[in-house]
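Enquirer: Generate a structure from the sequence data that follows.
(chains A and B)
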Protein chains: 2
Amino acid sequence: MTAPQELRVDGARLWRRLEALGEVGAVHGPNGERGNARLALSDADRQGRDLVVGWMRDIGGHVSIDAVGNVVAVWPGTDPSAAPVMMGSHIDTVRTGGWFDGNLGVLGGLEVVETVLGSGTRLRHPLAVAFFTNEEGARFQPDMLGSLVYVGGMALEEALDVQAADDEARLGDELQRIGYAGPLPCPAAGAPRAFVELHIEQGPVLEDESVTIGAVTGVQGISWTELTLTGQSAHAGTTPMRLRRDPGVVAAAVVSGVRAIATEMGGSQVATVGRLEFHPNLVNVVPASVTLTVDLRNTDEELLRQAEARFQQLLSDAAAAEGVDVRQRTLARFEPVEFDPEMIQLVDDTARRLGHSVMRMPSGAGHDAQMMARVCPTSMVFVPSVNGLSHNIAEYTHPADIEAGANVLLQVVLTLAAVESGA
Amino acid sequence: MTAPQELRVDGARLWRRLEALGEVGAVHGPNGERGNARLALSDADRQGRDLVVGWMRDIGGHVSIDAVGNVVAVWPGTDPSAAPVMMGSHIDTVRTGGWFDGNLGVLGGLEVVETVLGSGTRLRHPLAVAFFTNEEGARFQPDMLGSLVYVGGMALEEALDVQAADDEARLGDELQRIGYAGPLPCPAAGAPRAFVELHIEQGPVLEDESVTIGAVTGVQGISWTELTLTGQSAHAGTTPMRLRRDPGVVAAAVVSGVRAIATEMGGSQVATVGRLEFHPNLVNVVPASVTLTVDLRNTDEELLRQAEARFQQLLSDAAAAEGVDVRQRTLARFEPVEFDPEMIQLVDDTARRLGHSVMRMPSGAGHDAQMMARVCPTSMVFVPSVNGLSHNIAEYTHPADIEAGANVLLQVVLTLAAVESGA
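Expert: Numbers count the residues shown, from 1 in each chain, chains lettered A, B, ... in the order given. Sure thing, here's the model as predicted:
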């Protein structure tokens, strides 16, 4: 008989599930890397969902699907009136994603449940494991759409009408197509007791500091803008430079300019142009239009606003100088989020009790946890990313760190769910 | 009976053929514009070729097709040993092309032949009308590929092995597919007596100067380079700015830098980045790689080399600063071409005799004529482009200018082909 505080997950079992889910929509690199392309609501996403739902049911979970495709499995506790302690994350990936981002939070949750069930430990609160629709925002914008709708931050109808950036498919239609337009209302009826998300760091800090566990204090604010710059398409050989209205030149000024803003501001400010498309995209034609996105993030709302203002200024200066028209659209705007202090403390204390090195840190990436933080006490557990890589098929986390993170998740959840009796 | 120097083309008949060919692969704009997308060796190009070959045969031309798909129709003269006076251009277009670029030189040539035949004028030299494969370079590189191979400037086998930039189709396979891999050897066995190409200016100069006819003195040198910049794909939120190796930032430096080079050098120097692609092209991912093209042109070879050297310097500086790897490939490199002085004089004199305003000017764009200039006396006749637009579905030239240019072509050709007797 194992005392609850001595319970440990089966790291090998968790690793096998990570590998198996990673086979769905696998993409392979030249150096043996194996990444994932499971864009939200694609055929590969459906396959991944089916696999995870199968595992949820295999270990006795009651699976429900809501109207925006969020999937929640629940295992009852001893108190029928108690709210569940929820774990989870997402299983969609970017086009060149890894097999840890998101997946770990979902499969780590399943591993915690299976460990608890296998030990015979009785908990007052139910346990729940969720995966949320379209966290990445790689196919549909905004990112974290499923959890945003789950907590009432975006109207269901609006979410269902979102169109894919590439193929212009409607989100609601794609949900129907892959069989994940569920019957449960969304936003959800009741809030969980708490939400805990295990995730890879996706950055280099833990590895640089040789620390195993990150107790996440909050999430950077995110500002995503899509620009459509329209100039005058013309022949590249015959149009004198002084007569050009070249949106590519304005786009270049934006790319260089937001880099300079982030470098000059320093601190947690980051700025990225990740998407950029020329039209008609021919070697001897001055582009007619250019579409690009600007991603600005800061842990401080005031500084994020400053970055946005500086970006707007450089954009309007560059566009005016070139005689280029600008249309812009906000794809996502989230203020920085601070997690519940007691929850952060619980993660910190638990990691130390288990003998792991731990540091407090903000998250540079957006996570479903920041949406859940609107409705319940929330925290995150980070484990190191090798070389800081993520959104990259070379994304990797060592098995020992995966196991360490899952054990912290397990012990945090046992505390939150109130152990009634050991096995 | 009309004296040969009084002969005039049927402008309406030429216009109708331009309109009919423009219906093949037509694309339509929001303001009623009708442009063309007939990329080289596409299905639309095949349809366009079939239409023009039909017209050639309708007016009695002997049509032959060579191994790289160039099509030449010949009408005999009185002297079986005399070399033909050749007219022509191309009928492929860019993806958002107009219905005058190239087409006018081919259909203008047909109109000249039909006018001569209809008048009963007998000429010592045969007349020929040609259209050359893949002049635009929009699908296969280099541009002017067909005429380049025709004059022996590129090996046939090399040309047939060229792969399309987009779909990676092999040029030789596409020729077979559309039925234009002809039996005639290429390069051609004998040189024409002369080559004359009627073309729209594709720039704003004639319109700005209120001049009807441009007597083209030569063609700018062209330097096309494709760059593949490889950095490190990473998460846009979690990767500190100081650790980034972002090829998009280097690409932006190239776009801004070549614009600055052209502006500072002045004169005929132009510089364009027309194609630019991010990979994986996602809003929240620092790009792993960026592919872009740089198009540099100057009428002076020494200055063009200076522009190339400055571009290389800024590229290596920007890449080194960001830790980004550079691969580059020359897609096309042609030295400036000067046309035959007597041929230029003939165009100039003929236009004046016909009562048109005329100016001498270099061509900013590349043309098949610059390849033909390697093997025979060559010149070009330019007519104005409305608003200087080309490679644009709004490309337009007024019917009166079309007719004026075709009459200059007719009278130049009558002089070159040596009239034996009028009708």
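
Enquirer: Only C-alpha atoms from now on, for both contacts and neighbour counts.
Expert: Noted.

Enquirer: May I have the phi/psi pair for the residue nearest the centre of chain A?
Expert: Against the mean C-alpha coordinate of chain A, by Cα atoms, centre = their mean, the closest residue is A:H367 at 4.2 Å. A:H367 adopts backbone torsions of phi -140, psi 150, taken as degrees, to the nearest 10.

Enquirer: Just give the nearest non-adjacent residue to it, would you?
Expert: Nearest-residue entry for A:H367: A:M144, 6.7 Å, with adjacent residues in sequence omitted and distances by Cα to Cα, 6 or more residues apart in numbering or on different chains.

Enquirer: distance of that neighbour from A:R49?
Expert: A:M144 sits at a distance of 17 Å from A:R49 (criterion: Cα to Cα, to the nearest Å).

Enquirer: buried residues in the longest helix anywhere in chain A?
Expert: Determined from DSSP state H, the single longest helix within chain A is helix A:301-322. Residues A:301, A:303-305, A:307-308, A:311, A:314-316, A:318-319, A:322 are the ones in helix A:301-322 that count as buried (16 or more other Cα atoms under 10 Å in any protein chain shown).

Enquirer: returning to that earlier point: tell me the contacts of the residue nearest to A:H367?
Expert: Taking Cα atoms under 8 Å, 6 or more residues apart in numbering or on different chains as the definition of contact, the neighbours of A:M144 are A:F132, A:T133, A:N134, A:E135, A:E136, A:G137, A:G366, A:H367, A:D368, A:M371.

Enquirer: Minimum pLDDT in the residues you listed, which residue is that?
Expert: Taking these together, the minimum pLDDT is found at A:G366 (89).

Enquirer: residues contacting A:G182?
Expert: A:S64, A:I65, A:D66, A:A67, A:V68, A:G69.

Enquirer: Could you tell me which residues within the helix or strand hosting the first one count as buried?
Expert: Taking DSSP states H and E as the criterion, A:S64 maps to strand A:62-65. Neighbour counts using 16+ other Cα under 10 Å place A:V63, A:S64, A:I65 of strand A:62-65 among the buried residues.

Enquirer: In CSV, list the C-alpha atoms belonging to it.
Expert: Output in CSV follows, covering the C-alpha atoms of strand A:62-65 (Å, rounded to 0.1, in the frame of the first residue of the first chain):
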residue,chain,number,x,y,z
HIS,A,62,-17.1,9.8,-18.9
VAL,A,63,-16.4,11.7,-22.1
SER,A,64,-18.4,14.7,-23.2
ILE,A,65,-18.0,17.0,-26.2
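
Enquirer: which residues are contacting that strand?
Expert: Applying Cα under 8 Å, 6+ apart, the external contacts of strand A:62-65 come out as A:53, A:56-57, A:71-75, A:180-184.

Enquirer: now stretch A:275-290
Expert: Residues outside stretch A:275-290 that contact it (Cα under 8 Å, 6+ apart): A:227-237, A:246-248, A:251, A:291-293, B:94-96, B:138, B:224, B:272-278, B:280-283, B:287, B:293-295, B:391.

Enquirer: Repeat that for stretch A:22-42.
Expert: A:44-45, A:47-48, A:91-99, A:133-134, A:136, A:138-140, A:171, A:174-175, A:178, A:392-395.

Enquirer: Could you give me the PyMOL syntax to select whichever of those are buried?
Expert: For the buried members of the contacts of stretch A:22-42, the matching PyMOL selection, counting by 16+ other Cα under 10 Å, is:
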select buried, chain A and resi 44+45+47+48+91+92+93+94+95+96+97+98+99+133+134+136+138+139+140+171+174+175+178+392+393+394+395
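
Enquirer: In helices, which of the contacts of stretch A:22-42 fall?
Expert: A:A44, A:D45, A:Q47, A:G48, A:L171, A:E174, A:L175, A:I178.

Enquirer: before we move on, back to that, out of the buried residues of helix A:301-322, which touch chain B?
Expert: Intersecting the buried residues of helix A:301-322 with the contacts of chain B gives an empty set (criterion: Cα under 8 Å from any Cα of the partner chain).

Enquirer: pLDDT weak spots in chain A?
Expert: Counting by pLDDT under 70, the ranges of chain A that qualify are A:1, A:422-423.

Enquirer: ok, now with 80
Expert: Flagging of chain A using pLDDT under 80 yields the residue ranges A:1, A:421-423.

Enquirer: of all the contacts of strand A:62-65, which two lie farthest apart?
Expert: The span of the contacts of strand A:62-65, defined through Cα to Cα, is set by A:W75 and A:A181 at 22.4 Å.

Enquirer: picking that back up, for the contacts of A:G182, give me CSV that also has distance to B:P377.
Expert: Formatted as CSV, the entries for those read as follows, by distance: Cα to Cα, whole Å:
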residue, distance to B:P377
A:S64, 80
A:I65, 77
A:D66, 76
A:A67, 74
A:V68, 71
A:G69, 71
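
Enquirer: No more questions from me, cheers.
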